[in-house]
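Participant: what's the 3D shape of this:
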Amino acid sequence: MIRHRLLVLSIVATGLVACNVREESENDRSGNAVAAEEASGDYRAGQRPITNESFANAVRSGRLETGVPDGWTQTSDTDGQFTHRFVAGPGEGQPTLALSPEFGNFSTARIGMTALIGDIQIGTPGFRVLRTTDIDVPGATSAVRLDFNYGTEETRGVFGGTWIVAADERTNDAVAVALSAPAPLDRALADRIQASLVMHPRE
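Facilitator: Residues are numbered from 1 along each chain as shown. Okay, the predicted model is just below:
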């Protein structure tokens with residue numbers, strides 16, 4: 001199976017990549033993206049108090065807080081901006097949740113997401129956007145979720161991924177989470193991760 005790796009920030013042409021994402025997202029709406037939407041329902045979390053009730057276990061680092069599924073364990077294997085990593089079990093190819101409490105300085109979440117997309121488009125076979133959605137994350141002024149697939153059977157397997165980037169335009173702080181697993185990714189789990197996210201005020 002393709003090596004699980006979390007793709008980190010690269011410098012890309014923002015306008016070109018953003019245009020690419022919009023086109024792929026619209027084209028996919030008649031196919032797999034529609035099925036994903038029907039399975040997962042509405043991704044928008046809506047306004048809610050700054051609290052975490054989606055999982056029994058919550059992790060906070062800096063301004064980022066998120067729930068972690070029961071039984072998942074933290075590993076020392078990190079990648080670039082993603083400094084916390086949790087896995088569902090031992091061995092390669094396990095569902096993985098990675099956190100970036102200091103993702104970068106971005107005034108909007110979509111600018112931060114564009115940087116992530118640029119990296120995966122350049123170096124990863126089989127990358128295909130299923131859906132991009134503006135969502136609500138308490139404490140953030142903007143947030144966006146990207147659902148996608150990557151990899152091929154010829155490159156040892158297809159994986160599903162969900163990225164969420166949240167930003168605070170008042171401080172230009174941004175946080176991010178990355179969920180990945182062998183396809184098909186459990187979209188209900190991705191929904192729960194989204195619902196658990198909080199961007200706390202600066203301390």
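
Participant: now the helices: where do they sit in the protein?
Facilitator: 14-28, 32-40, 109-123, 187-196 (DSSP state H).

Participant: average model confidence for the third one?
Facilitator: The average pLDDT for helix 109-123 rounds to 86.

Participant: okay, the residue lying closest to Asp173 once chain neighbours are set aside: pLDDT?
Facilitator: Closest residue to Asp173 apart from its sequence neighbours, by CB to CB, 6 or more residues apart in numbering: Arg63 at 6.0 Å. C-betas here are computed from N, CA, C, even on glycine. Model confidence at Arg63, expressed as pLDDT, equals 96.

Participant: roughly how far apart are Arg63 and Phe86?
Facilitator: According to CB to CB, to the nearest Å, Arg63 stands 18 Å off from Phe86.

Participant: neighbours around the nearest residue to Ala140 once chain neighbours are set aside, how many?
Facilitator: Residue nearest to Ala140 in three dimensions, not counting chain neighbours: Ala166, with 3.8 Å by CB to CB, 6+ apart. Other residues lying near Ala166 total 29 when counted by other CB atoms under 10 Å.

Participant: Over to Gly118?
Facilitator: The burial count for Gly118: 22, using other CB under 10 Å.
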